[in-house]
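*Asks:* what follows is a predicted structure for the sequence shown.
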Amino acid sequence: MNLAVANPASGSAGGRAAISRRRRAEIVRAAATVLGRQGSADTSMKEIAREAGVAPGLLHYYFESKDELLLAVAGELDRQMSEAWAAAVEGIEDPLERLVAALDTAAGLCARHPELWRALLDVSMLSLSHPALQARCQELRTRFVAGIEAEVRGALGRLPAYSLVAPGDLASAIGGAIEGAAVAALVGGRDTTSWMRALKVMVLSVVVTAYVTAGLEPPVARLAQLLRPR
């Protein structure tokens, strides 16, 4: 992997700093790739260096230990998931459509990028005995659930569904279901597309319940349209 940058300012302090940041980011992405492919136990710093296309000594220049690199990988996974989520709902104003688009994106990540979830699962398990890594993973999951909660609140609006289930609790349940489906896909090699569609039906059923609780006619036709395969 050639990390050279054709930049007239590359000889300046600013140019060197830019190259350094880019190289560090390349190393972190390479580490996430290797972790997702073979797991932490079978991953060495030498293999990560090979994936990144840098010398092992340079890897240790940026990261003193494997633990420090794992912290950076957790941040990279957070970035990837956040960017995918933001891209899924960009330009969509309808709250129900936003919620469905976000769930579809989660399903797509489970199906198309199992290595992302394997790396996330591996880092999460390692965090149980690593306080700093655990705090980073907790931060990651909090952000993930907060994104879901924002879409849930938008979909429910001012409907009196909160007396049935708090938005944060519903978001946590959705997040747990997505993570569970991803793990099931990894362990059992299953296509979880149908499971994720079932989750979407369950979430939209809460919307129907919210309308009924408010004494309003639920937008059944609209919801059925959103459930059609895309």
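*Replies:* Received the coordinates, thanks. Numbering: from 1, shown residues only.
*Asks:* residues in contact with stretch 127-145?
*Replies:* Applying CB atoms under 8 Å, 6 or more residues apart in numbering, the contact partners of stretch 127-145 are 67, 70-71, 74-75, 77-78, 81-82, 120, 123-124, 126, 168, 171-172, 175. Where you see a C-beta, it was placed from the backbone N, CA and C, and this is true even at glycine.
*Asks:* could you pull up phi and psi at S65?
*Replies:* Here is the backbone geometry of S65 (degrees, to the nearest 10): phi -150, psi 170.
*Asks:* ok, now how distant is it from L133?
*Replies:* According to CB to CB, to the nearest Å, S65 and L133 sit 12 Å apart.
*Asks:* so who does L109 touch?
*Replies:* By CB under 8 Å, 6+ apart, the neighbours of L109 are 81, 84, 116-117, 182.
*Asks:* tell me which of those residues fall in helices.
*Replies:* 81, 84, 116-117, 182 (DSSP state H).
*Asks:* want to throw those residues into a markdown table with distance to L96?
*Replies:* Below are those laid out as a markdown table (distance: CB to CB, whole Å):
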| residue | distance to L96 |
| --- | --- |
| M81 | 22 |
| A84 | 20 |
| L116 | 27 |
| W117 | 26 |
| A182 | 24 |
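*Asks:* just flag the most distant two among these.
*Replies:* The two members of these with the most space between them (CB to CB) are A84 and A182, at 13.2 Å.
*Asks:* between those two, which is the more surrounded one?
*Replies:* Per other CB atoms under 10 Å, whichever of A84 and A182 has more neighbours is A182, with 24 against 16.
*Asks:* my guess is that one contacts G108, does it?
*Replies:* No: counting by CB atoms under 8 Å, A182 stays clear of G108, with 11.3 Å between them.
*Asks:* have a look at S65 and L133 and say which one is more surrounded.
*Replies:* L133 (20 against 10).
*Asks:* P229 in helix, strand or coil?
*Replies:* What DSSP: H, G, I helix; E, B strand; the rest coil gives for P229 is coil.
*Asks:* from R98, how far out is the residue nearest the centre of the chain?
*Replies:* Closest residue to the average C-alpha location of the chain: M81 at 2.9 Å, with CA atoms, centre = their mean. Per CB to CB, M81 is found 16 Å from R98.
*Asks:* show me the shaky parts of this protein.
*Replies:* 1-11, 13, 158, 160-163, 230 (pLDDT under 70).
*Asks:* 80 instead?
*Replies:* Across the chain, the ranges flagged by pLDDT under 80 are 1-19, 110-111, 157-165, 188-192, 229-230.
*Asks:* count of neighbours near A214?
*Replies:* A214 sits with 14 neighbouring residues when counted by other CB under 10 Å.
*Asks:* same question, W85
*Replies:* Counted with other CB under 10 Å, W85 comes out at 21.
*Asks:* who's in contact with the closest residue to it other than its chain neighbours?
*Replies:* Spatially, and ignoring its direct neighbours in sequence, W85 is nearest to G147 (5.5 Å; CB to CB, 6 or more residues apart in numbering). Taking CB under 8 Å, 6+ apart, we find G147 in contact with 82, 85, 102.
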